[in-house]
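please work out how this folds:
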Amino acid sequence: MFGLETVTALIAKNGLAIVAPIAVLEGPIVTVIAAWLASRGLLDVWSVSVVVILADLFGDVLFYALGRWGLHRLPLRWRYRMGLSRGRLAQVAGHFKDRGGRTLVFGKLTHSAGAAVLVAAGLARMPMLKFFWVNLLATIPKSLFFVVIGYAFGAAYSQIDDWIARASLLLLGLLVMGGIIWFLKRAARK
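Numbers count the residues shown, from 1 in each chain. Prediction:
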């Protein structure tokens, strides 16, 4: 995408009109930068908060829609290669019926698993209203956390971006390790 300095200059020049589309793609760091610009008087912090929450929700709905309406259009052979057999889809649907809300919150807060969880919610055909409500409840504190970080420490947005990337990578590694351990324990039981 763009460099952080370019994003900062674009937001400073164009305001919230540019925050929304960029925040759909790169939410956390764009939120930090926009909140920092708000702390400098260039944007309104409450407007930044609302825009980044709405942009985050819009991006999440796009991932949900991909899972719900997009992946089913793939040829059956491709779906099986991706591991999306009918049995696996039924399993995912059962999981989201029982624990969909917790899974959405987990995916939202870990950031690393977010896209996969959102697509899986769509694949599982999680009810749209429940998806939206749970997602909203998870999005608000996450977005406001990054607004506060940006407002207070946004001048260090390059370092904050590095921290976000490292934390996401660490969480992804932990998720992969946890998945491997779960799979090995499951295989040992059989």
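
in this structure, which residue is most central in space?
The geometric centre of the chain, computed from its C-alpha atoms, lies nearest to Gly114 (C-alpha atoms, centre = their mean), at 4.3 Å.

quick one: the helices in this protein, in order.
4-14, 16-25, 27-39, 45-65, 76-81, 86-110, 114-123, 128-153, 157-189 (DSSP state H).

so how far is the longest one off the chain centroid?
Looking back up the chat, that one is helix 157-189. Mean-position distance between helix 157-189 and its chain equals 15 Å (C-alpha atoms, centre = their mean, to the nearest Å).

quick one: list the elements packing against it.
On a contact count with 3 or more C-beta pairs under 8 Å, 6 or more residues apart in numbering; DSSP states H and E, helix 157-189 meets helix 4-14, helix 27-39, helix 128-153. Glycine gets a C-beta too; all of them are placed from N, C-alpha and C.

quick one: contacts of the second one?
Residues from elsewhere that reach helix 27-39 (C-beta atoms under 8 Å, 6 or more residues apart in numbering): 4, 7-8, 11-12, 16, 19, 22-23, 43-45, 48-49, 51-52, 55-56, 59, 111, 143, 146-155, 157, 160-161, 164.

residues making contact with stretch 60-68?
With contacts defined as C-beta under 8 Å, 6+ apart, stretch 60-68 is touched by 24, 108, 114-115, 118-126, 128, 131-132, 135, 139.

if we use 6 Å, what do you get?
Applying C-beta atoms under 6 Å, 6 or more residues apart in numbering, the external contacts of stretch 60-68 come out as Ala115, Leu118, Val119, Ala121, Gly122, Leu123, Phe131, Asn135.

which stretches of the chain have low pLDDT?
The chain contains residues with pLDDT under 70 at 1-2.

Ile140: how many residues sit nearby?
Look at Ile140: counted by other C-beta atoms under 10 Å, it has 14 neighbours.

re the thing from before, highest mean neighbour count out of the helices of the chain?
Comparing the helices of the chain by mean neighbour count (mean count of other C-beta atoms under 10 Å), helix 27-39 ranks first with a mean of 25.

what angle separates that helix from helix 4-14?
50 degrees (axes from the mean of the first three to the mean of the last three C-alpha atoms, to 10 degrees).

this completes my enquiry, with thanks.
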